[in-house]
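Student: this is a predicted model, with the sequence first.
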Amino acid sequence: MKHTDVETQAVKEAAQTGQRGDWARAPERSNMLALRFICLMALVCGRHVTRLLLPPISLYFLLFAPAPRRHIKRYLFRAIGPHAKWIDGYRLLHAFASTVLDRVYFLRGRMDLFDVKVEGNLPLEAEALEGRGAFLLGAHFGSFEALGACKQHSQHKHSLRLAMLMYPDNAQRITAILNAISLPEARPHVIALGRPHSMLALRDWLDGGGLGGLLADRTLPGSEDQPAQQRGSNIVLPFLGQPASFNDGPFRLAALLRRKVFFMAGVYSGGARYDVRFDLLADFSERASDPAERERRIRAAVEAYVARLEALCRAHPYNWFNFHDFWLEDSV
């Protein structure tokens with residue numbers, strides 16, 4: 001599918017209106033009673049028995065969630081082609097449900113239940129152990145909790161500290177339940193975005209050799225004091241054959257704090273298998289010679305991020321859990 005200048009301009013205009021931040025204001029589609037029941041069943045009955053719930057749950061959301069179903073259909077058409085059928089949507093939702101269930105066990109420290117392979121972690125660990133810290137940029141792809149496996153596989157696991165940069169007001173119900181059952185040592189530290197102190201908290205964390213993880217495939221909404229003002233700039237790039245808007249805010253933050261940026265992904269490979277990958281995206285540790293050079297490096301980093309995400313979506317199409325109007329087609 002070849003995109004046109006008209007399509008690119010339409011995406012730019014839609015992105016400039018701040019519609020990409022609507023995901024943060026979307027109501028959470030969770031039932032507290034059902035979530036508590038599933039977590040209790042997971043802890044009491046074990047993973048194999050609780051996974052029997054996943055097919056009906058996946059089928060329910062496929063049938064009764066029309067907006068996510070529409071967005072899933074658009075994504076799958078681009079990731080695997082126009083032959084994508086409803087069974088592919090079901091497989092995507094089942095993979096998503098699997099990773100949500102597995103969060104319970106990762107947060108309980110039950111790494112023994114999983115076959116996790118880790119690659120590309122040594123350069124990342126070097127940054128942490130030498131006290132420089134590093135940015136980890138991922139996407140709503142696979143499992144973030146599986147990334148904690150890099151600590152368990154490291155001989156320096158007691159020295160590695162991982163923080164998640166996130167908007168805590170999003171998905172409050174499921175987050176509250178998972179926090180209640182998780183072990184303190186398995187729970188990632190959270191740096192809340194959109195707060196007046198967020199920037200300083202992140203800088204202090206990195207200065208202490210910490211790793212800061214952020215999912216960068218959604219536009220960042222405004223801060224508490226300026227809710228209508230979007231963070232960073234939107235860059236329209238081809239993604240899966242169609243123009244899409246990506247925010248360069250996380251990359252500007254890394255450039256401002258002069259850190260290395262690593263791409264991260266915890267790919268769910270079915271059953272109990274996860275492949276955790278880290279890959280150097282950009283190195284902002286050296287100061288740019290002038291503003292033009294800084295802008296060039298930021299754009300190159302965004303393009304590298306989009307290229308890696310697209311390659312992952314084509315190789316593992318049932319792992320991208322971004323069930324929103326990503327290409328802004330509802331508003332164009």
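Tutor: Happy to help now that I have it. Residues are numbered from 1 along each chain as shown.

Student: just how off-centre is the helix or strand harbouring Pro238 within its chain?
Tutor: According to DSSP states H and E, Pro238 maps onto strand 234-239. Put simply, strand 234-239 sits 18 Å off its chain's centre (C-alpha atoms, centre = their mean, to the nearest Å).

Student: helix or strand right after it?
Tutor: Next along the chain after strand 234-239, with elements defined by DSSP H and E, is strand 242-247.

Student: look at Leu136 and give its secondary structure.
Tutor: Three-state call for Leu136 (DSSP: H, G, I helix; E, B strand; the rest coil): strand.

Student: just the CA coordinates of stretch 238-249, formatted as CSV?
Tutor: Output of stretch 238-249 as CSV, limited to C-alpha atoms (Å, rounded to 0.1, in the frame of the first residue of the first chain):
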residue,chain,number,x,y,z
PRO,A,238,5.7,5.3,6.9
PHE,A,239,4.8,2.4,9.2
LEU,A,240,3.5,-0.9,7.8
GLY,A,241,2.9,0.8,4.5
GLN,A,242,0.8,3.7,5.8
PRO,A,243,1.8,7.2,7.1
ALA,A,244,1.7,7.2,10.9
SER,A,245,2.6,9.8,13.5
PHE,A,246,5.3,9.2,16.1
ASN,A,247,6.2,11.5,18.9
ASP,A,248,9.8,12.5,19.4
GLY,A,249,9.3,13.5,23.0
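
Student: quick revisit: what is the mean pLDDT for the strand holding Pro238?
Tutor: The pLDDT scores in strand 234-239 average 94.

Student: in its sheet, what does the helix or strand containing Asp279 sit against?
Tutor: Per DSSP H and E, Asp279 falls inside strand 273-283. Strand 273-283 has these partner strands in its sheet, going by DSSP bridges: strand 115-119 (parallel), strand 260-268 (antiparallel).

Student: just name the most buried of these.
Tutor: Comparing the strands paired with strand 273-283 by mean neighbour count (mean count of other C-beta atoms under 10 Å), strand 260-268 comes out on top with a mean of 23. Using the backbone N, CA and C atoms, a C-beta is placed for each residue, glycine as well.

Student: roughly how far is that strand from the heart of the chain?
Tutor: So, by C-alpha atoms, centre = their mean, the centroid of strand 260-268 is 9 Å from its chain's centroid.

Student: quick one, that strand and strand 134-138 angle?
Tutor: 40 degrees (axes from the mean of the first three to the mean of the last three C-alpha atoms, to 10 degrees).

Student: shaky segments in this protein?
Tutor: 1-30, 149, 168-171, 219-231, 331-332 (pLDDT under 70).

Student: could you give the angle of the longest helix seen in it to strand 234-239?
Tutor: The residue-count maximum for a helix in the chain (DSSP state H) belongs to helix 291-315. Angle, helix 291-315 to strand 234-239, by the same axes, to 10 degrees: 40 degrees.
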